[in-house]
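1. what follows is a predicted protein model with its sequence.
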Number of protein chains: 4
Amino acid sequence: MTIGHRTWAIPEGWLPPRAGKRGRALESHEAACVLNAGDADAHLEFEIFFRDRDPAGPYHVTVPARRTLHLRFDDLEDPEPVPRGVEFASVIRSDVPVVIQHTRLDARDAEISLMTTLAFSAAGEGA
Amino acid sequence: MTIGHRTWAIPEGWLPPRAGKRGRALESHEAACVLNAGDADAHLEFEIFFRDRDPAGPYHVTVPARRTLHLRFDDLEDPEPVPRGVEFASVIRSDVPVVIQHTRLDARDAEISLMTTLAFSAAGEGA
Amino acid sequence: MTIGHRTWAIPEGWLPPRAGKRGRALESHEAACVLNAGDADAHLEFEIFFRDRDPAGPYHVTVPARRTLHLRFDDLEDPEPVPRGVEFASVIRSDVPVVIQHTRLDARDAEISLMTTLAFSAAGEGA
Amino acid sequence: MTIGHRTWAIPEGWLPPRAGKRGRALESHEAACVLNAGDADAHLEFEIFFRDRDPAGPYHVTVPARRTLHLRFDDLEDPEPVPRGVEFASVIRSDVPVVIQHTRLDARDAEISLMTTLAFSAAGEGA
């Protein structure tokens, strides 16, 4: 059984400068949590949009069948790392339906702060 | 009157290690807040997805007619507890329409941090 | 011009115990932010659902034409105050389309924590 | 390729009093993150709604083709600045489809707090 859509967008994106003083779980990060509840592997393409330059990507990511991947944007390396301290947005396309949620953990201060939302699913647009 | 859908998904899920030093209300938790506004009891099945193993479940939960249940994932015990410190996602199916919202309270630091979002409702997929 | 829906639901609800030590803007609260962008006054009915008792309400609230109201649940008094420290959920019905967003400010600790999400709009259910 | 809708609403809005003690990135702000993934520039009009006065605007904002703009409400100046310490809401109309996410960073305390949600998209209402 499949659940979700094939096209998603996350207008908000920002990687805080790396703090480096706490472990990976408590380090500032920006994540796209992808759920592939279906029986086929999902092949995703991320395109990253900026304020004043052409988009970057595509970045290729695979989420196996019946698995979830909490992808951190600072783990995207190819074709280029996502710059820090710069506002960005993303469009994600998959060859099978998936569900995507956006989460940020900000650890610039002594205390972490969290935010999350479902990504925008383009139901009527090739989804 | 009924309101909601029968199939929901929450791509983000993570149980922080148990802190143990504060009361239950201020302890780190991950919750699926379920509203059953209808006149029939809702029988839910939770399926939990992981990064690198087969899904767990189903977990059976009942939300009586015209009641709400703020289900904490760390209260799921049968068939197995949801592991801590591991990324997961969930799919929830109900036999009657419900509405589901996802909330996390993180109390790893001295100060709590909150995040919330509506879960994804699969309107066109058996919902 | 109208924008929105007539039926909304917020599965998550919880009023922290009153802190009382800071001003109203920094006091813990739970709010339903209602936007009425249309040219007719909106007459809303809130129904509050609980875990183990019958629902409370209806609570009657008016949002004038082309106005917004950030309604705090602790301001609901008639027919009964919303209890504190108890999990609840809400269904809101309006006679004209509105848009509703749910926000919590938690000030139990020294530092505030925020969370927000759009409410669930029942597009196909009398909306 | 286009993705998104032409009409959006954000019921929650509030600009904390300016703190002035930290840099721009850590200063309290309220933002509408706009993604224009299409091949044509997007011309947006913001209308700001209040509790007890007529709406302000329209504010005109352009987001170039294949770019994102994280618009801070405190940067809106013409026809009038958005008042601080006052609850507001907004409706955004664009001549081409865009996707909009609402984010607040509150830095009134020593530690920041974040919240985010997708804006409401009026799919069936001229979108």
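-> Yep, that arrived.

2. so for stretch A:15-27, mean pLDDT?
-> The pLDDT scores in stretch A:15-27 average 66.

3. using CSV, list the CA coordinates for the top strand by length along chain A.
-> If you go by DSSP state E, chain A has its longest strand at strand A:88-106. The C-alpha trace of strand A:88-106 is given here as CSV (Å, rounded to 0.1, in the frame of the first residue of the first chain):
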residue,chain,number,x,y,z
PHE,A,88,17.1,28.4,1.2
ALA,A,89,14.0,26.4,0.1
SER,A,90,13.6,22.9,-1.4
VAL,A,91,11.5,21.0,-3.8
ILE,A,92,11.6,17.2,-3.5
ARG,A,93,10.4,14.8,-6.2
SER,A,94,10.0,11.1,-5.8
ASP,A,95,9.2,8.3,-8.2
VAL,A,96,6.7,6.8,-5.7
PRO,A,97,4.5,8.4,-3.1
VAL,A,98,6.2,9.4,0.1
VAL,A,99,5.3,11.7,3.1
ILE,A,100,7.7,14.5,4.1
GLN,A,101,7.9,16.5,7.4
HIS,A,102,10.3,19.4,8.0
THR,A,103,12.1,19.7,11.3
ARG,A,104,14.7,22.1,12.7
LEU,A,105,16.7,21.8,15.8
ASP,A,106,18.5,25.1,16.7
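
4. now that strand, how far from the chain's geometric center?
-> The chain centroid and the centroid of strand A:88-106 are separated by 4 Å under C-alpha atoms, centre = their mean, to the nearest Å.

5. please identify the buried residues of it?
-> Neighbour-count burial for strand A:88-106 flags A:88-94, A:96-106 (criterion: 16 or more other C-beta atoms under 10 Å in any protein chain shown). (Glycine included, C-beta is placed from N, CA and C.)

6. how about residue A:10, what does it touch?
-> A:32, A:89-90, A:92, A:100, A:102, A:119-120, D:35, D:101 (C-beta atoms under 8 Å, 6 or more residues apart in numbering or on different chains).

7. could you list the low-pLDDT ranges of chain A?
-> A:1, A:18-26, A:109-110, A:123-127 (pLDDT under 70).

8. could you pull out the helices in it for me?
-> For chain A, applying DSSP state H gives no helices.

9. spell out which parts of chain A neighbour chain B.
-> Neighbours of chain B within chain A, by C-beta under 8 Å from any C-beta of the partner chain: A:1-4, A:25-26, A:31, A:33-35, A:37, A:66-70, A:99-101, A:103, A:110-118, A:121, A:123.

10. 7 Å instead, please
-> A:3-4, A:33-35, A:37, A:66-70, A:99-101, A:103, A:111-118 (C-beta under 7 Å from any C-beta of the partner chain).

11. number of nearby residues for residue A:54?
-> Residue A:54 has 8 neighbouring residues, counting by other C-beta atoms under 10 Å in any protein chain shown.

12. how about the nearest residue to the most centrally placed residue in chain A, chain neighbours excluded?
-> In chain A, the residue lying closest to the centroid (C-alpha atoms, centre = their mean) is residue A:32, at 2.9 Å. Closest residue to residue A:32 apart from its sequence neighbours, by C-beta to C-beta, 6 or more residues apart in numbering or on different chains: residue A:71 at 4.9 Å.
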